[in-house]
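coords below, sequence missing:
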């Protein structure tokens, strides 16, 4: 059981570190995704977006 909790503690630390890393990456990634979505929606006819109707 002790090895099990140690494994989880290790996992949590790794996840925390990756979360901190992705936080800065997400700003860049979010900008790229938002830009891609914006350009994609401009190319598509309005009819293909039922939400807008």
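All right, it came through fine. What you see is a predicted model, and the numbers here were worked out from it, not measured in a lab.

Now do the helices in the protein.
2-43 (DSSP state H).

Can you list the low-confidence ranges for it?
Scanning the chain with the threshold set as pLDDT under 70 gives 1, 40-53.

can we see that at 50?
Where the chain drops to pLDDT under 50, the residues are 52-53.

ok, now how distant is residue 26 from residue 10?
From residue 26 across to residue 10, the span is 24 Å (CB to CB, to the nearest Å). For glycine as for every other residue, the C-beta is placed from the backbone atoms N, C-alpha and C.

okay, which residue is most central for this protein?
residue 26 (6.3 Å; CA atoms, centre = their mean).

any idea how far residue 17 is from that one?
15 Å.

and what of residue 29?
In terms of CB to CB, residue 29 sits 18 Å off from residue 17.

Neighbours of residue 24, how many?
9 (other CB atoms under 10 Å).

The one 3 residues further on too?
Residue neighbour count, defined by other CB under 10 Å, stands at 10 for residue 27.

Kindly report the same for residue 25.
Per other CB under 10 Å, the neighbour tally for residue 25 reads 11.

again, but for residue 23
9.

and if you look at residue 13?
Applying other CB under 10 Å, I find that residue 13 has 10 neighbouring residues.

ditto for residue 28
Applying other CB under 10 Å, we find 9 residues neighbouring residue 28.

do the same with residue 21
Residue 21, neighbours per other CB under 10 Å, totals 10.

Check residue 4 too.
By other CB under 10 Å, the residues close to residue 4 number 8.

List the contacts of it.
Contacts for residue 4 (CB atoms under 8 Å, 6 or more residues apart in numbering) come out as none.

next one: residue 34
For residue 34, the contact set (CB under 8 Å, 6+ apart) is empty.
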